[in-house]
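1. Need the 3D shape of this:
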Amino acid sequence: MVKNIIFDLGNVVLKYDNLAYLKSKIEDSDKIDKLREIVFRGPEWIMLDEGTITEETAIEQICRNNPELEADIRNVFDNWYSLLEPIESTVEIISELKEKGYKLFFLSNFHDKAFQVVAEEYPFFTLFDGGVASYREKIIKPNLEIYRILLDGYNLKPEECIFIDDVNENIIAGEQVGIKGIHLRDVSILREELEKYLVEWLGEMAGPFLFLVKFSYLYYYQKLSTPHYNGIFVIVFIIFLTYTFFFEIILFIKILCRGVWSSDF
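-> Sure thing, here's the model as predicted:
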C-alpha cells in the first residue's frame, strides 16, 4: 500500500523552462543556444547541483572560459531563480494528498542558493514531511545512493513509496532500489497517474480470493473430496472468511478517511 509520495522539484513542482527564461533575458537570439549550453548544461551546473562549487565561483569559471559572453553570462545568472515558479496544479495535488494523510517528500537535484530562495518564498514547502536536496548530500540523481539516503533518513519502505520525476533515467534508478515511479512527461496528467497507484490497494485481497476460487475448483471438480481435503477446505474457508471480514472493515475505514472514491483521490 502506498503511504509515501516523493516529488522531484524541477518540472514537477516548480517550472524550469530555461529556454523561455533565456529568451526573456537575451535580446540577441543567436546567443541563446550557446548560453544554454555553457550555463544550464555545462559542468559547472552539475557541480552546483552536487554542492561542490559556489554560484559565485561557477559564474567566474564560466566567464573565464567564455570571455566574449561575460556580460550575457552575468545577466543570465542575475535573478535566475525567477524561472522557478510553482506549478499550481501540482501544488494543489500536494495539498490534497497532505489532507488525505499521505507522507510527502522531495528528492531533487538542486543548487544551494536556489533551494534557499524557493523554500523561503513558497509556503507549500511546509507541506513536505522531509526531503533530500542534492547539494546537501554532495551527490545527484540518478546515483542510487541518494535514493537510499532518503529512504534511510526517514525510515521509509521502498515498496510503500511512489517517486515522481520528469527524467526517466531517475525513475529507473528509483525502481532499482524498489521505489515505484511515475515518469511525468506532462504535469497535466499527474492526477490521473497518481490515481492508478493510490487505489491499487483495493486489489490487495485479490490474492486470497483467487486462492479460494482455485481451491474450490479443485475441491468440487477435481474430486479432492477426501476426509483429508475436507478438513483442509473447512480450515482454509474459515481463515478466508475471517481475513475477508477484517479486511473489509479496514478497507471501509480507509475509504472514509482518505476518500479515494472522490475525484480528489
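
2. alpha carbons only for contacts and neighbour counts from here, please
-> Noted.

3. Show me what counts as buried in the helix or strand harbouring Glu99.
-> Here Glu99, judged by DSSP states H and E, is contained in helix 88-100. Neighbour-count burial for helix 88-100, counted by 16 or more other Cα atoms under 10 Å, picks out Thr90, Val91, Ile93, Ile94, Leu97, Lys98, Lys100.

4. what pLDDT, on average, does that helix get?
-> For helix 88-100, mean pLDDT is 96.

5. about what we covered before: can you list the buried residues of helix 88-100 in TSV and add distance to Lys180?
-> Converted to TSV, those look like this (distance: Cα to Cα, whole Å):
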residue	distance to Lys180
Thr90	19
Val91	21
Ile93	19
Ile94	18
Leu97	17
Lys98	19
Lys100	20
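
6. Go through those residues and name the one nearest Gly153.
-> Lys98 (20.0 Å; Cα to Cα).

7. and the closest one, how far is that from Phe105?
-> 11 Å (Cα to Cα, to the nearest Å).

8. Spatially nearest residue to His111 (excluding sequence neighbours)?
-> Counting by Cα to Cα, 6 or more residues apart in numbering, Asp49 is the residue found nearest to His111 once chain neighbours are left out, at 4.8 Å.

9. The one you found and Ser134 touch, don't they?
-> Yes - with contact defined as Cα atoms under 8 Å, Asp49 counts as touching Ser134 (5.9 Å).

10. Which residue of those two possesses the greater neighbour count?
-> Asp49 (25 against 21; other Cα atoms under 10 Å).

11. How far off centre is the helix or strand harbouring that one?
-> Using DSSP H and E, Asp49 maps to helix 43-50. The gap between where helix 43-50 is centred and where its chain is centred comes out at 22 Å by Cα atoms, centre = their mean, to the nearest Å.

12. got a list of contacts for that helix?
-> Contact with helix 43-50 is made by 39, 53-55, 58, 61-62, 109-112, 134-140, as judged by Cα atoms under 8 Å, 6 or more residues apart in numbering.

13. Buried among the residues you listed? Need that as a selection in ChimeraX.
-> One line in ChimeraX is enough to select the buried members of these, burial here meaning 16+ other Cα under 10 Å:
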select :39,53,55,58,62,109,110,111,112,134,135,136,139,140
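
14. So which of the contacts of helix 43-50 are in helices?
-> Glu55, Ala58, Gln61, Ile62, Asp112, Ser134, Tyr135, Arg136, Glu137 (DSSP state H).

15. Nearest to Asp166 among the residues you listed?
-> Lowest distance from Asp166 to the ones in helices among the contacts of helix 43-50 (Cα to Cα) belongs to Ser134, with 16.2 Å.
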